[in-house]
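Student: Give me the fold of what follows.
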Amino acid sequence: QLVESGGGLVQPGGSLRLSCRASGFILDYWAMSWYRQAPGKERELVSAISGAGDNTNYADSVKGRFIISRDNAKNMVYLQMNSLKSEDTAVYHCNAGQFTPRGGTLVYDSGPTWGQGTQVTVSS
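Tutor: I've put the predicted structure just below:
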């Protein structure tokens with residue numbers, strides 16, 4: 001089970017830290033990710049992190065602003081979001097999956113376990 005928290009209403013330029021608590025499985029064995037879905041749009045991968053935390057990737061739209069991290073001892077995954085923009089408004093979900101080497105890079109493949117999501121609204 002995955003449970004997200006930390007969403008809310010924030011002004012443009014502000015920051016939020018999302019948390020995802022995992023239970024019922026060994027977090028170390030799984031790459032973890034954050035996805036988001038805005039109204040009328042498809043779900044998109046925001047960021048992913050390997051099981052040991054030594055590999056990360058980010059969507060171009062959040063590079064330099066968001067930081068993904070994890071604490072396997074606490075069964076937690078985090079997404080620090082800085083310099084938030086109105087286009088970051090969405091429901092954010094965490095997911096347990098795997099990195100797969102493909103075409104000389106590591107590609108994140110989502111797994112079947114999803115959280116219920118936490119709403120992030122960026123508005124003045």
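
Student: contacting residues around stretch 31-40?
Tutor: 18, 20, 22, 43-51, 68, 70, 77, 79, 87-99, 108, 110, 117, 120 (Cβ atoms under 8 Å, 6 or more residues apart in numbering). Using the backbone N, CA and C atoms, a C-beta is placed for each residue, glycine as well.

Student: how far is that stretch from where the chain is centred?
Tutor: In terms of Cα atoms, centre = their mean, to the nearest Å, the centre of stretch 31-40 is found 7 Å from the chain centre.

Student: Can you give me the pLDDT of the residue sitting nearest the centre point of the chain?
Tutor: In the chain, the C-alpha nearest the mean C-alpha coordinate belongs to residue 34, at 1.9 Å (Cα atoms, centre = their mean). For residue 34, the pLDDT comes out at 98.

Student: Distance of it relative to residue 104?
Tutor: 24 Å (Cβ to Cβ, to the nearest Å).

Student: just residue 50 next, same as before
Tutor: 16 Å.

Student: Please say which of those two ends up with more neighbours.
Tutor: A count of neighbours by other Cβ atoms under 10 Å puts residue 50 above the other of residue 50 and residue 104, at 17 against 5.

Student: State which strand of this structure is the longest.
Tutor: Secondary structure of the chain per DSSP state E: the longest strand is strand 90-102.

Student: Any idea what the closest residue in space to residue 20 that isn't next to it in sequence is bridged to?
Tutor: Of all residues not flanking residue 20 in the chain, residue 94 sits nearest, at 3.5 Å (Cβ to Cβ, 6 or more residues apart in numbering). Beta-bridge partners of residue 94, counted by DSSP bridges, are residue 34.

Student: ok, residue 94 - contacts?
Tutor: 2, 4, 18, 20, 32-35, 77, 114-115.
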